[in-house]
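Novice: Provided below for reference: sequence and predicted model.
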Amino acid sequence: MGKFRGLIVVDRERCKGCNLCVVACPLHILALAGKRVNKKGYHYAEQTDKGLCNGCASCAIVCPDGCITVYKKKEE
Amino acid sequence: MTEEEIMRPENLVYKKPALLNDNPMHYCPGCSHGVVHKLVAEIIEEMGMEEKTVAISPVGCAVFAYNYIDVDWVEAAHGRAPAVATAIKRLWPDRLVFTYQGDGDLACIGTAESIHALNRGEHIAIIFINNAIYGMTGGQMAPTTLMGMKTSTCPYGRVADLHGYPLKFTEIAATLEGTCYVTRQSVHNVAAIRKAKKAIRKAFENSMAGKGASLVEIVSTCNAGWKLSPEKANQWMEEHMFKFYPLGDLKDTTAITEDSL
Ligand SMILES: Cc1ncc(C[n+]2csc(CCOP(=O)(O)OP(=O)(O)O)c2C)c(N)n1
Ligand code: SF4
Ligand code: SF4
Ligand code: SF4
Ligand SMILES: [Mg+2]
């Protein structure tokens, strides 16, 4: 069975830094930006290890504000 | 594999439904309302009902729902959404008509309208966001507030001799002849969100098939009112709310099974 590679795009300006995606990621590769904030002052969500993402979309499904877009591709 | 190779339209697996527009939602970070809005938008898109839906928004935090989901909306007076929905659905049976109401709206000031619309078997769907509190006005006690739960109007916790008992509205709805589908769901994790989506979809299908009234309660968090972080609010909900408001179907007289959706 081939492995999947995932990629997420976070709409940083829409993100409210609620942390629910961070909690939902089964691979623990999301975190709120430490010192950086968006225009509203929220510490937005970002990936800590892009290479590990498998595109499961858990983060995007739980995001109350629909900030996360997910792509997923099977490794050849 | 490069990022460009992954980030192609054919590899897209999740994105905000288009029907949920780009207006920033006013909800507090992590509020359950946002998750349910997303589900509603996804379902209307999947049913192809974008041009044929009339939704009724409540008084409560979801009062501005019409700013976010791009279908036709009517904003009802506090608690009166099921009465407005009754009129619209009777005049326009080919429309998907649903109300979206909080516990203060549906199970307090609007108890009469809600019970009678359900009991009349109006072909509408009611989405009931139960966060056990009046979120919008600053976290006051609601009829649904749990025993012992602290709110701004019962700062020492709800006690029976002073405040009475929490109301299980959904259990009442299940006893009414007019309801065809009554269920209690939640949106605190991926599995629960998937189930809640199926439940709302089923309620909407029932409305279109003229099967009677459907009620989908979503046990929700109000992290601001509960004075907890979004994550802690979900944990508190699992620990306390689900005991008193257990998840699952309470009634289903329809033939549509989850698998046939
Ligand atoms: C006739 C009337 N009475 C009282 C109010 C004040 N009020 C506004 S929202 C609300 C309760 C909202 O609680 P709920 O329905 O649970 O929604 P939530 O904000 O928790 O989602 C109340 C009492 C009002 N706007 N109109
Ligand atoms: S898609 Fe899955 S693995 Fe990738 S960041 Fe989101 S939750 Fe984590
Ligand atoms: S769940 Fe959404 S709003 Fe919350 S931190 Fe993650 S991306 Fe931001
Ligand atoms: S007050 Fe409560 S219900 Fe209202 S938006 Fe904030 S968290 Fe949500
Ligand atoms: Mg409420």
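Specialist: Cool, got the structure. This is a predicted model, so every value here is computed, not measured. Ligands and ions are numbered 1, 2, ... in the order given.
Novice: name the element residue B:94 belongs to?
Specialist: Using DSSP states H and E, no element contains residue B:94; it sits outside every helix and strand.
Novice: what segments of chain A are helices?
Specialist: Secondary structure of chain A (DSSP state H): helices located at A:20-24, A:58-62.
Novice: deepest of those, which one?
Specialist: Ranked by average neighbour count under the criterion mean count of other Cβ atoms under 10 Å in any protein chain shown, the helices of chain A are headed by helix A:58-62 at a mean of 25. Quick note: C-beta positions are derived from backbone N, CA and C, even for glycine.
Novice: so what pairs up with residue B:217 in the strands?
Specialist: Bridge pairing for residue B:217 (DSSP bridges) gives the partners residue B:128, residue B:184.
Novice: returning to that earlier point: so which of the helices of chain A gets nearest ligand 2?
Specialist: Of all those, helix A:58-62 sits nearest to ligand 2, with 3.4 Å by Cβ to the nearest ligand atom.
Novice: tell me which other helices or strands the closest one touches.
Specialist: Packed against helix A:58-62, as judged by 3 or more Cβ pairs under 8 Å, 6 or more residues apart in numbering or on different chains; DSSP states H and E, are the following elements: helix A:20-24, strand A:68-74, helix B:190-209.
Novice: contacting residues around stretch A:8-19?
Specialist: A:32, A:38-40, A:42-47, A:53, A:55, A:59-60, A:64-71, B:7, B:22, B:24, B:28-30, B:229-231 (Cβ atoms under 8 Å, 6 or more residues apart in numbering or on different chains).
Novice: out of these, who's near ligand 5?
Specialist: When Cβ under 5 Å from the ion is applied, no member of those is adjacent to ligand 5.
Novice: let me know which of the helices and strands packed on helix A:58-62 is tucked in deepest.
Specialist: Comparing the helices and strands packed on helix A:58-62 by mean neighbour count (mean count of other Cβ under 10 Å), helix A:20-24 comes out on top with a mean of 22.
Novice: so is that one next to ligand 3?
Specialist: Yes - legend: contact between helix A:20-24 and ligand 3 by Cβ under 6 Å from any ligand atom is shown at A:20-21.
Novice: thinking again about what came up before, among the helices and strands packed on helix A:58-62, which is nearest ligand 4?
Specialist: helix A:20-24 (12.3 Å).
Novice: give me the contacts around that closest one.
Specialist: Helix A:20-24 has contacts (Cβ under 8 Å, 6+ apart) with A:30-32, A:45, A:58-64, A:68, B:30, B:189-190, B:230-231, B:234.
Novice: filtering those residues by proximity to ligand 2, which remain?
Specialist: A:30, A:58-59.
Novice: of those, closest to chain B?
Specialist: Minimum distance to chain B across these is 5.0 Å, recorded for residue A:58 (Cβ to the nearest Cβ).
Novice: ok, now which ones touch the closest one?
Specialist: Contacts of residue A:58 (Cβ under 8 Å, 6+ apart): A:21, A:24-26, B:190.
Novice: neighbours of residue A:36, how many?
Specialist: Using other Cβ atoms under 10 Å in any protein chain shown, residue A:36 is surrounded by 10 other residues.
Novice: scratch that, residue B:153
Specialist: Residue B:153 has 16 neighbours, counted by other Cβ under 10 Å.
Novice: residue numbers of chain B in contact with ligand 4?
Specialist: B:27-28, B:31, B:33, B:61, B:131, B:135-136, B:222-225.
Novice: filter those down to just the ones in strands.
Specialist: Among the residues of chain B next to ligand 4, no residue falls in strands (DSSP state E).
Novice: ok, of the residues you listed, which one's closest to residue B:95?
Specialist: residue B:33 (23.4 Å; Cβ to Cβ).
Novice: spit out the contact partners of the closest one.
Specialist: By Cβ under 8 Å, 6+ apart, the contact list for residue B:33 reads A:64, B:25, B:27, B:61-62, B:129, B:220.
Novice: mind running it again at 10 Å?
Specialist: A:64, B:25-27, B:60-62, B:65, B:68, B:100, B:102, B:129, B:131, B:135, B:187, B:218, B:220-222 (Cβ atoms under 10 Å, 6 or more residues apart in numbering or on different chains).
Novice: name only those of the residues you listed that count as buried.
Specialist: Among these, those buried by neighbour count (16 or more other Cβ atoms under 10 Å in any protein chain shown) are A:64, B:25, B:27, B:60-62, B:65, B:68, B:100, B:102, B:129, B:131, B:135, B:187, B:218, B:220-222.
Novice: quick one: contacts for the nearest residue to residue B:197 once chain neighbours are set aside?
Specialist: In this structure, residue B:197 finds its nearest non-sequential neighbour in residue B:39, 4.8 Å apart by Cβ to Cβ, 6 or more residues apart in numbering or on different chains. Contacts for residue B:39 were tallied using Cβ under 10 Å, 6+ apart; they are A:61, B:17, B:20, B:127, B:185, B:187, B:193-194, B:196-201, B:218.
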